[in-house]
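1. Give me coordinates for this.
(chains A and B, ligands or ions: 1)
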Amino acid sequence: MKILVCVSKTPDTTAKIAFTDNNTKFDTNGIQWIINPYDEWYALVKAIELKEADPSVVIHLVTVGTADADPVIRKALALGGDEAIRINADSQDSFYVASQIASVAKGGGYDLVFTGKETIDYNGASIGGMLSELLGFPYISMATKFEWTANKATITREIEGGEEVCEIESPFVISCQKGMAEQRIPNMRGIMAARTKPLKVVEPVALEPLTQIVGFELPPAKAGVKLIPADQPEELVRLLREEAKAF
Amino acid sequence: MSVLIFIDQSEGHIKKASYEALSYGAKIAEMSGTAAEAVILGNSDSDLAALGQYGVSKIHQVRNDHLNHFDAQVYIQALEQVVSRTGADIIIFSNNVDGKAIAPGLSAQLKAGLVTGAVDLPDTSNGFVVKKTVFSGKAFAHVRINSAIKIITLNPNAYPVLEKEGRAEVVTEDIQLLPGKVTVKSVNKVKGEVPLTEADIVVSGGRGLKGPENWGIVEDLAKALGAATACSRPVADADWRPHHEHVGQTGIAIAPNLYIAIGISGAIQHLAGVNRSKVIVVINKDPEAPFFKAADYGIVGDAFEVVPKITEAVKKLKG
Ligand SMILES: Cc1cc2nc3c(=O)[nH]c(=O)nc-3n(C[C@H](O)[C@H](O)[C@H](O)COP(=O)(O)OP(=O)(O)OC[C@H]3O[C@@H](n4cnc5c(N)ncnc54)[C@H](O)[C@@H]3O)c2cc1C
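-> Numbers count the residues shown, from 1 in each chain, chains lettered A, B, ... in the order given. Predicted structure coming up:
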């Protein structure tokens, strides 16, 4: 079985978000990059678990990014996976990224394509869904549990207002969230092994993105907290109702 | 040219997020001088014509056995055909589980630019620009859609439900569909609970509550306010509360009218998911807790003493 895991780099969760060039560009100054947590903790680790259960499983990682994504991909390879493919382009929009991944995935003979449920920077939650249509594969979104037995997966996924258990045969695309797997920390052996794992760089296919970010904005700062003495909770409730009209 | 709004229904029941999407889509249609129509997939017990009060003139209902359970691939097939029949060029979804599962695939099929998580009406003064949340609520981006067909998923609690007079014409669309490849084995719906993303008021607890056995004070306050409950990540990780209550950068992002944080320190990853709440109240015994900087109202005090008193005061005020 061959699994493709889509990974993206994102700013560390404690990163200070700021913009440059008249608020049109994300300020990457001093930013630490990490593997998007949903890709790492859930999609990648789940794929690794499948390989641990069946060593014949082959895992490829794919990312769309320029050379500055390499350290993050090596970090992902340190957790597991056989090789990585980097599509050498700036990620322009979700459609652009999904189309690039689809062009690599087509003909790759992948049985399963794993993604995180969304990235924590652009929060598009779109790559999995787009990829599935571009590849003509069914799509299971927001999976929380995954069991694999002979060509068939039993998956628990979030649906509107609850969850459902479904079955599906490969190939398909699946987006992963909490519950799928437990976060891991790479060990020394993994880190050493990652150095020699193949990291193929392929050039992007020519394509126009469908959307374009024209500017950013930070939320307005709060005016400041109004503190209410701990022995006057009625005053808080009164302010919430009369001043803030919050309930 | 027209605006087409996807009505999301969970077992025949239409939810608030769809009323918001309808109101939002109707407003865009009004701005661009076109008609707003809606589409609903599968059977519905609701009085569909009554949805006219949210500003749509026509509702396309697709009935087909293959739509009885949710399969993104099948839903997309159906929507593609409705889009081509109606000639819609702006398509609106709620940014919820279903919307996130369908809109991206439809976007790829139609080569229609997609913006997910919109928080405001598009600005059409220079192209078609939609404001959305990015960095899990730490910022907003303005995204221009360049394609002829445009798809937007609207964040819950971002646009008001607007009602007026009017009934919609309901037309049944006869559409052939290929069966899906997903076999549903069981469905487990949480009955009667407001989904966290749609709740007007959310009461949330953190590690300061010490253990799951102490959640009574959170639940009592939530009940008095008619609120949903949420929690910080370590609380869900420790299984004190179910995972679906975890809010923040790696959990659910919410934007209720009122968010009450009890015994939560206000780490940057937590704030990312809740800072779009209109009013934030923080109850923490540590005056230095970072959450106070992001709050509108605060009480420095012991949650175990303060929260039950707040609950009493709310009950008294509500009568
Ligand atoms: C990659 C990454 C992603 C993350 N994603 C998220 C996320 O999505 N959501 C999230 O919540 N966290 C997230 N975190 C974790 C985050 O950094 C914090 O660790 C977490 O939010 C802390 O939870 P807490 O406030 O409940 O606990 P603590 O930080 O332990 O705070 C407990 C608070 O309770 C107060 N307290 C104690 N006793 C009482 C009392 N009797 N009465 C009143 N107050 C009391 C204390 O003063 C303290 O402020 C993430 C971390 C990382 C590294």
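
2. got the phi/psi numbers for the residue in the stretch 51-200 of chain B that the ligand sits nearest to?
-> Residue of the stretch 51-200 of chain B nearest the ligand, by C-beta to the nearest ligand atom: B:Ser136 (7.9 Å). (Glycine included, C-beta is placed from N, CA and C.) Per-residue torsions, B:Ser136: phi 50, psi 40 (degrees, to the nearest 10).

3. so who does it touch?
-> Counting by C-beta atoms under 8 Å, 6 or more residues apart in numbering or on different chains, B:Ser136 makes contact with A:Ile120, A:Asn123, B:Gly248, B:Gln249, B:Ala253, B:Ala272, B:Gly273.

4. got it, and B:Ile152?
-> B:Ile90, B:Ile91, B:Ile92, B:Phe93, B:Leu114, B:Val115, B:Ala118, B:Pro122, B:Val130.

5. again with A:Glu49
-> A:Ala181.

6. backbone phi and psi for it, please?
-> The phi and psi values for A:Glu49, taken as degrees, to the nearest 10, are phi -60, psi -40.

7. interface residues of the stretch 51-200 of chain B facing the ligand?
-> Within the stretch 51-200 of chain B, not a single residue sits near the ligand (C-beta under 6 Å from any ligand atom).

8. low-scoring pLDDT stretches of the stretch 51-200 of chain B, where are they?
-> Low-confidence segments of the stretch 51-200 of chain B (pLDDT under 70): B:191-192.

9. quick one: terminal-to-terminal distance for stretch B:89-108?
-> 14 Å (C-alpha to C-alpha, to the nearest Å).

10. Could I get the buried residue list for that stretch?
-> Within stretch B:89-108, the residues scored as buried using 16 or more other C-beta atoms under 10 Å in any protein chain shown are B:89-108.

11. Intersect those residues with the contacts of chain A.
-> Contacts with chain A within the buried residues of stretch B:89-108, counted by C-beta under 8 Å from any C-beta of the partner chain: B:Asn96, B:Val97, B:Asp98, B:Lys100, B:Ala101, B:Ile102, B:Ala103, B:Pro104, B:Gly105, B:Leu106, B:Ser107, B:Ala108.

12. which strand of chain A spans the most residues?
-> strand A:139-149 (DSSP state E).

13. what about stretch B:76-96, start to end distance?
-> 16 Å.

14. With stretch B:245-254 instead?
-> End-to-end distance of stretch B:245-254 (C-alpha to C-alpha): 11 Å.

15. show me what contacts the closest residue to B:Pro195 other than its chain neighbours?
-> Using C-beta to C-beta, 6 or more residues apart in numbering or on different chains and skipping residues adjacent in sequence, the residue nearest B:Pro195 is A:Gly161, 5.9 Å away. Residues near A:Gly161 by C-beta under 8 Å, 6+ apart: B:Ser10, B:Lys15, B:Lys189, B:Val190, B:Glu193, B:Pro195.

16. Does B:Arg241 touch B:Arg207 like I think?
-> No: B:Arg241 lies out of contact with B:Arg207 (C-beta atoms under 8 Å); the separation is 11.2 Å.

17. Show me which of those two is the more surrounded one.
-> Shown here are B:Arg241 and B:Arg207; by other C-beta atoms under 10 Å in any protein chain shown, B:Arg241 has more neighbours (21 against 16).

18. can you give me phi and psi for the closest residue to A:Pro11 other than its chain neighbours?
-> Leaving out its chain neighbours, the residue that sits closest to A:Pro11 by C-beta to C-beta, 6+ apart is A:Ile31, at 4.8 Å. Dihedral pair for A:Ile31: phi -80, psi 130, per degrees, to the nearest 10.

19. Can you report how many residues neighbour B:Glu163?
-> 12.

20. which residue packs closest to it, ignoring adjacent ones?
-> B:Gln53 (5.0 Å).

21. Ok, B:Glu37 next?
-> Counting by C-beta to C-beta, 6+ apart, the residue nearest B:Glu37 is B:Lys58, at 4.4 Å.

22. wait, that neighbour sits on B:Thr172?
-> No: at 11.7 Å, B:Lys58 and B:Thr172 do not qualify as touching, with contact defined as C-beta under 8 Å.

23. more neighbours, the two?
-> More crowded of B:Lys58 and B:Thr172, by other C-beta under 10 Å: B:Lys58, with 17 against 10.

24. Need the max-distance pair from the contacts of B:Ile152.
-> Greatest spatial distance in the contacts of B:Ile152: B:Phe93 and B:Pro122, 14.5 Å, computed using C-beta to C-beta.

25. The residue nearest to B:Glu163 contacts B:Lys164, correct?
-> Yes: between B:Gln53 and B:Lys164 a contact is recorded at 6.1 Å, counting by C-beta under 8 Å.

26. of those two, who's got more company?
-> B:Gln53 (18 against 10).

27. Would you map the helices across the chain?
-> Just going to use chain A. With DSSP state H, the ranges of helices along chain A come out as A:37, A:45-53, A:70-79, A:94-105, A:127-135, A:188-196, A:233-242.

28. Sorry, I should have been clearer: chain B.
-> Going by DSSP H, chain B shows helices at B:16-32, B:72-86, B:97-110, B:216-225, B:233-237, B:268-274, B:303-318.

29. The last one to helix B:216-225, inter-axis angle?
-> Yep, that's helix B:303-318 we're talking about. Orientation check (axes from the mean of the first three to the mean of the last three C-alpha atoms, to 10 degrees): helix B:303-318 against helix B:216-225 gives 20 degrees.
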